[in-house]
Structure formats: C-alpha cells, structure tokens
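S.K.: Take this sequence and fold it.
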Amino acid sequence: MNRPAVQLCYRALAYISVALAAAGVVLPLLPTTPFVLLAAWAASKGSPAFELWLHNHRIYGPIIKNWREHRAVPRKAKWLAFLMLLLSWNVLYWTGAPTPLLVASGLFFIGLTLFLASRPSV
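M.R.: Numbers count the residues shown, from 1 in each chain. The predicted structure is shown next:
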C-alpha cells in the first residue's frame, strides 16, 4: 500500500476508536480507555492534527498522558476490564463454545489480566 492509503487507514481507525470510546463514556459496559489509547496511537500514525486534538481533550487527554508518561491505567478502567474479561469468558462457556476456543480465550484473558494488573493505577 502506498503511504497516503496507509495514513487513511490509520486515520479511519483513530476515528472509529474515538467513536467507540465516546460510546464507552455513556455505556457502562463498554470500556473507554483501550479505545482512547488505540485512537491516540492510530492518530499519531495518520493524523497529527487529530492526535493533538486528542491530547488536548478534557476527557481523553489525561488518559493518554498517564499512559504515555507512566504506562498507568485508571483503577476504574482496570476493574471494568477484569469484570468484562470474566464476563466474556463465562458467556463463551455457558453458550457451549468449543474447548479449544475456551482454552485459547482463557489464556489470552489471563495474559491480559496479568498485563493490566502489572500497570500502575492512577
């Protein structure tokens, strides 16, 4: 892919991520933090102006700043992520997902939980 097409893809990913983060602000079960961080990363690759807007945003800016400076995740976001991972695995289990999917998702969720637990809280 050529450079403008790649930048367009990053920009689209950033916009979609911000839309999901915005939904997460008002929907209690949709996490905001991962989508904000994804949007900031994608914007840094595809749209410096949008990245600047995110950094200066009153809600999203502090999340990005805490991650970039301290690799820290808000305590509330951690607990919500832990709860959603547990809930997601239970939905897979109770809906009769195949054993390989349960094992793979369980290992992935455990790894993600350990990673989040190892990050400082703010």
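
S.K.: Need the contact partners of the strand or helix carrying A77.
M.R.: According to DSSP states H and E, A77 maps onto helix 75-94. With contact meaning C-beta atoms under 8 Å, 6 or more residues apart in numbering, helix 75-94 is reached by 29, 31-34, 101-102, 105-106, 109, 112-113, 116-117, 119, 121-122. C-beta: built from backbone N, CA, C; applies to glycine.

S.K.: if we go to 10 Å?
M.R.: 24, 28-34, 36-37, 63, 72-74, 97-98, 101-102, 105-106, 108-110, 112-113, 116-117, 119-122 (C-beta atoms under 10 Å, 6 or more residues apart in numbering).

S.K.: could I get that helix in CSV with only the CA atoms?
M.R.: Taking C-alpha atoms only, helix 75-94 is exported to CSV below (Å, rounded to 0.1, in the frame of the first residue of the first chain):
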residue,chain,number,x,y,z
ARG,A,75,-8.1,1.9,38.6
LYS,A,76,-11.8,2.0,37.4
ALA,A,77,-10.8,1.0,33.9
LYS,A,78,-8.7,-1.9,35.3
TRP,A,79,-11.6,-3.3,37.3
LEU,A,80,-14.1,-2.8,34.5
ALA,A,81,-11.7,-4.7,32.1
PHE,A,82,-11.3,-7.5,34.7
LEU,A,83,-15.0,-7.8,35.0
MET,A,84,-15.6,-7.7,31.3
LEU,A,85,-12.9,-10.4,30.6
LEU,A,86,-14.5,-12.6,33.2
LEU,A,87,-18.0,-12.0,31.9
SER,A,88,-16.8,-12.6,28.3
TRP,A,89,-15.2,-15.9,29.2
ASN,A,90,-18.4,-17.0,31.1
VAL,A,91,-20.6,-16.2,28.1
LEU,A,92,-18.3,-18.3,25.9
TYR,A,93,-18.5,-21.2,28.4
TRP,A,94,-22.3,-21.1,29.0
